[in-house]
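>>> Task: produce atomic coordinates for the following.
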Amino acid sequence: MSLFKRIFSSEKKETLDKGLEKTKTSFFSKLSKAVAGKSKVDNDVLDNLEEVLVSSDVGVDTTLKIVDRIEERVSRDKYLGTEELNKILREEIAGLLSETNQGEDVDFVTPQGKKPYVLMVVGVNGVGKTTTIGKLAYQFKKQGKKVVLGAADTFRAAAIDQLQVWADRVDVPIVKQQMGSDPASVAFDTLKSAVTQDADVVIIDTAGRLHNKVNLMNELSKVKRVMQKVVDDAPHDVLLVLDGSTGQNAFEQAKQFTKATEVNSLAVTKLDGTAKGGVVIGISDQFQIPVKYIGVGEGIEDLQVFNKYEFVDSFFK
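The predicted structure is shown next:
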């Protein structure tokens, strides 16, 4: 069986293919120009490839890593035809993603022995954080899990209202207080409620303000400390949501949040409306944090568990 195993349902794979269409079209039109008139991979082609990867939002450091690896193969094989470049690129990108994304989950699973499984979600406003929480709640509920949401982004009334809309849509309970309440207090109440209800999954929304990193750091630390009074090893996962359509800005947000708090996993949203899907490769590589979920459409089913094989297969299909 090839590296690119067929493990998604055909419907999910079609959604992924469609979601990455703009990225793929943009990338390969640039790549075809980069190798035009060339029969073998030489220094000119490598320079052009570097430019293609950087302009596709893969990021400078990750681009240099990919180009260096291809350069090694060129010097080892002596002659490498440009028609082989797609295959080699595919292998090297899959290899990079494998270094960070070890698992091959194809469904929304929770770790054994963690009940309730507590997921704290962080990210700036506007990246699709609340939508991601709602879609996660839907997927976990579909798996037969009992889910409770916590509206700990008390900085904006709209954030509480948006989460309530999703709670109603998915038909799961939500714990909330007034705008301006202490986020840690909301998180505490949510976990107490979840334990009482014998819930399987708790998803806590948090404020997405980056204007003062020290305040953000203190707030998130306090939320964690207070949660641990109810569930001693909470949160089990801190999920950073990034908007894939912002390209390099997503790198900057990842940098800021990973300084402010420990981030265990990533969700990259809005990949369907952009040609900047290469950002998934760069962020995964640069921050050495696994990409757990990707958003490839607006439908409730269009948040997918990230699978490196399927992603690379759709990218190079």
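>>> Tell me which stretches of this structure form helices.
Taking DSSP state H, the helices of the chain run over residues 10-19, 21-34, 43-55, 60-77, 85-100, 129-142, 157-170, 183-196, 213-227, 248-260, 279-287, 308-316.
>>> What ranges in this structure fall below the confidence cut-off?
Across the chain, residues meeting the criterion (pLDDT under 70) sit at 1-9, 102-106, 210-213.
>>> How about the residue positioned nearest the centre of the chain: what's its closest non-neighbour residue?
Nearest to the mean C-alpha position of the chain, by Cα atoms, centre = their mean, lies residue 267 at 2.2 Å. By the measure of Cβ to Cβ, 6 or more residues apart in numbering, the closest residue to residue 267 outside its immediate chain neighbours is residue 293, 4.1 Å from it. C-betas here are computed from N, CA, C, even on glycine.
>>> residues contacting the spatially closest residue to residue 70 that is not a sequence neighbour?
In space, residue 70 comes closest to residue 88 once its chain neighbours are excluded; the distance is 5.9 Å by Cβ to Cβ, 6+ apart. Listed by Cβ atoms under 8 Å, 6 or more residues apart in numbering, the contact partners of residue 88 are 70, 73, 80.
>>> Quick check: bridge partners of the residue nearest to residue 267?
Under the criterion DSSP bridges, residue 293 forms beta bridges with residue 267, residue 305.
>>> wait, it sits on residue 136?
Yes - under the criterion of Cβ atoms under 8 Å, residue 293 lies in contact with residue 136, with a separation of 7.4 Å.
>>> what's the overlap in contacts for the two?
When Cβ under 8 Å, 6+ apart defines a contact, the residues bordering residue 293 and residue 136 alike are residue 303.
>>> And residue 307, how close does it get to residue 314?
Between residue 307 and residue 314 the distance is 10 Å, computed by Cβ to Cβ, to the nearest Å.
>>> The residue nearest to the centre of the chain contacts residue 295, correct?
Yes - look at residue 267 against residue 295 with Cβ under 8 Å: they come within range, at 7.1 Å.
>>> Overlap in contacts, the two.
Common contacts of residue 267 and residue 295, defined by Cβ under 8 Å, 6+ apart, comprise 132, 303.
>>> Next up, the contacts around residue 169.
Contact criterion Cβ under 8 Å, 6+ apart gives 134, 138, 300 as the residues in contact with residue 169.
>>> and those, which are buried?
Among the contacts of residue 169, those classed as buried by 16 or more other Cβ atoms under 10 Å are 134, 138.
>>> Residue 293 and residue 136 - which one has more neighbours?
More crowded of residue 293 and residue 136, by other Cβ atoms under 10 Å: residue 136, with 24 against 21.
>>> Roughly how far does that one sit from residue 227?
Here the distance between residue 136 and residue 227 works out to 18 Å (Cβ to Cβ).
>>> Residue 156 too?
Residue 156 sits 21 Å away from residue 227, going by Cβ to Cβ.
>>> Of these two, which one has the most company?
Neighbours of residue 156 and residue 227, each counted by other Cβ under 10 Å, are more numerous for residue 227; the result is 24 against 15.
>>> contacting residues around the closest residue to the more buried one other than its chain neighbours?
In space, not counting the residues next to it along the chain, residue 227 is nearest to residue 234; the distance is 4.2 Å by Cβ to Cβ, 6+ apart. For residue 234, the contacting residues are 118, 120, 191, 202, 224, 227-228, taking Cβ under 8 Å, 6+ apart as the criterion.
>>> in terms of contact, does residue 133 touch residue 165 like I think?
No - taking Cβ under 8 Å as the definition, residue 133 is not a contact partner of residue 165, at 11.2 Å.
>>> Quick check on those two: which one has the bigger neighbour count.
residue 133 (29 against 12).
>>> OK, contacts around the more buried one?
For residue 133, the contact set (Cβ under 8 Å, 6+ apart) comprises 121, 149, 163, 166, 203, 205.
>>> Let's see if you can find the most crowded of those residues.
residue 205 (31 neighbours).
>>> Return the set of residues that bridge with that residue.
Here residue 205 sits in beta bridges with residue 121, residue 151, as judged by DSSP bridges.
>>> Please tell me how far it sits from residue 277.
Using Cβ to Cβ, residue 205 is found at 26 Å from residue 277.
>>> Can you add distance to residue 176 and give the helices of the chain back as JSON lines?
Listed next are these as JSON lines, based on distance: least, Cβ to Cβ, whole Å:
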{"stretch": "helix 10-19", "distance to residue 176": "32"}
{"stretch": "helix 21-34", "distance to residue 176": "37"}
{"stretch": "helix 43-55", "distance to residue 176": "43"}
{"stretch": "helix 60-77", "distance to residue 176": "40"}
{"stretch": "helix 85-100", "distance to residue 176": "35"}
{"stretch": "helix 129-142", "distance to residue 176": "13"}
{"stretch": "helix 157-170", "distance to residue 176": "5"}
{"stretch": "helix 183-196", "distance to residue 176": "7"}
{"stretch": "helix 213-227", "distance to residue 176": "15"}
{"stretch": "helix 248-260", "distance to residue 176": "23"}
{"stretch": "helix 279-287", "distance to residue 176": "31"}
{"stretch": "helix 308-316", "distance to residue 176": "35"}
